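Chemist: Have a look at this prediction, sequence included:
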Amino acid sequence: MWGWELMLAVAPTFLSILLINVALVLIGSTPTAILGALEPLTAVIIGIAVFGEALTFSLALGIILVLSAVILVILAKSRPRR
């Protein structure tokens, strides 16, 4: 019984660290950070589409805030520095 719990704790952690390191090498730090910031949004969308969770006001507000932050990072990165 404890073997499954341990595997569910260790495997996703190891896999996420491994994939983040691969992404850093392949696409760089800024795109990796932007995609990482979109992870909660992806989880909400999967929860709604796959598991039938309800879209509440707080979830919608959270989605808007996350998207706004990601857009601000992209805009700040694309502006020429003085």
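Modeler: Cool, the structure landed.
Chemist: in stretch 59-66, what counts as buried?
Modeler: Using 16 or more other Cβ atoms under 10 Å as the test for burial, stretch 59-66 gives 59, 66. The way it works is simple: take the backbone N, C-alpha and C, and place the C-beta from them, glycine included.
Chemist: What segments of the protein are helices?
Modeler: Secondary structure of the chain (DSSP state H): helices at 2-27, 29-37, 39-51, 57-78.
Chemist: among those, which is the most enclosed?
Modeler: helix 29-37 (a mean of 14; mean count of other Cβ atoms under 10 Å).
Chemist: related to what we said a few turns ago, would you reformat the helices of the chain as a markdown table and include mean pLDDT?
Modeler: Converted to a markdown table, these look like this (pLDDT from 0 to 100):
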| stretch | mean pLDDT |
| --- | --- |
| helix 2-27 | 91 |
| helix 29-37 | 86 |
| helix 39-51 | 89 |
| helix 57-78 | 86 |
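Chemist: Dump stretch 41-56 to CSV, keeping only the CA atoms.
Modeler: Presented in CSV, the C-alpha positions along stretch 41-56 are these (Å, rounded to 0.1, in the frame of the first residue of the first chain):
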residue,chain,number,x,y,z
LEU,A,41,-4.8,27.5,-15.9
THR,A,42,-4.2,24.2,-17.6
ALA,A,43,-5.2,22.3,-14.5
VAL,A,44,-8.5,24.3,-14.3
ILE,A,45,-9.3,23.7,-17.9
ILE,A,46,-8.7,20.0,-17.7
GLY,A,47,-10.7,19.9,-14.5
ILE,A,48,-13.7,21.5,-16.2
ALA,A,49,-13.4,19.6,-19.5
VAL,A,50,-12.5,16.1,-18.2
PHE,A,51,-13.9,15.9,-14.7
GLY,A,52,-16.9,18.2,-15.0
GLU,A,53,-15.9,20.7,-12.3
ALA,A,54,-17.8,23.9,-12.1
LEU,A,55,-16.3,27.2,-13.3
THR,A,56,-16.8,29.5,-10.3
